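Engineer: Turn this into a structure:
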Amino acid sequence: MDAGGAILENRAAVFVDGAYLTKILDVDFGKPKIDLARFSEILCGDYERLRAYYYNCMPYQSSPPTDEERRRFASMDKFVYTLRKLPRFEVKLGRLGCVGGEFVQKRVDIALAVDLVRLSCGRMIGKAVIVTGDSDFVPAIEAAKEAGVLVVLYYSPSSIHDELLSAVDESVVIDQSLISQVAR
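Structural biologist: Numbers count the residues shown, from 1 in each chain. A predicted model of the protein is given here:
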């Protein structure tokens, strides 16, 4: 915020639903490794990136963990460690809960929604870039828009809710051209 209390209109924050991004990278693009710092810079466009937020959960490990569970956990741990070292990057981890015999992410969506509303209503950003396909974010998106923030959704047509597309100000398909720019 400037001295007069106005929104920092040239500042953006990127909010990445990590499970969603992983899913579309796997399903739509053949599991490429991408440079998330470069990805977030591209998504901000002409706006200065305040920060990029990455939301996910660590993989499940039984007690004692299997070799495969250990491998997946170690891989994710290394990935999270690397992300946390990036400038202006924040990793927020939820936890896995067991619902009806299936493991589901807990606290991930609400953490993203809280950060989106907090930064928007605190007038710290002029643009919010969201990478998700989940319509649960619609109320947070509406609050951000009411605070005067431009909300841009990056998504895959293979995994998106129409309600989410209708809620945002602008939407951009994550396509092969974008992935090619950020592939490692």
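Engineer: For stretch 14-21, measure first residue to last.
Structural biologist: Across its full length, stretch 14-21 reaches 13 Å end to end, with Cα to Cα, to the nearest Å as the criterion.
Engineer: Contacts for it, please.
Structural biologist: The contact list for stretch 14-21 (Cβ atoms under 8 Å, 6 or more residues apart in numbering) reads 36, 40, 43-44, 49, 51-57, 105, 108-109, 112, 115-116, 128-134, 159. In short, each C-beta sits where N, CA and C put it, glycine included.
Engineer: Of those residues, which belong to helices?
Structural biologist: Mapping those onto helices (DSSP state H) picks out 36, 40, 43, 44, 108, 109, 112, 115, 116.
Engineer: The fourth one contacts residue 125, doesn't it?
Structural biologist: Spelled out, it's residue 44. No: using Cβ atoms under 8 Å, residue 44 is not in contact with residue 125; the gap is 10.2 Å.
Engineer: and those two? which has more neighbours close in?
Structural biologist: With neighbours defined as other Cβ atoms under 10 Å, residue 44 and residue 125 compare such that residue 125 has more, 28 against 20.
Engineer: residues contacting residue 106?
Structural biologist: Residue 106 makes contact with 57, 94, 95, 96, 97 under the criterion Cβ under 8 Å, 6+ apart.
Engineer: now residue 79: how far from residue 36?
Structural biologist: 9 Å (Cβ to Cβ, to the nearest Å).
Engineer: no, scratch that, I was asking about residue 47
Structural biologist: The gap separating residue 47 from residue 36 is 17 Å, by Cβ to Cβ.
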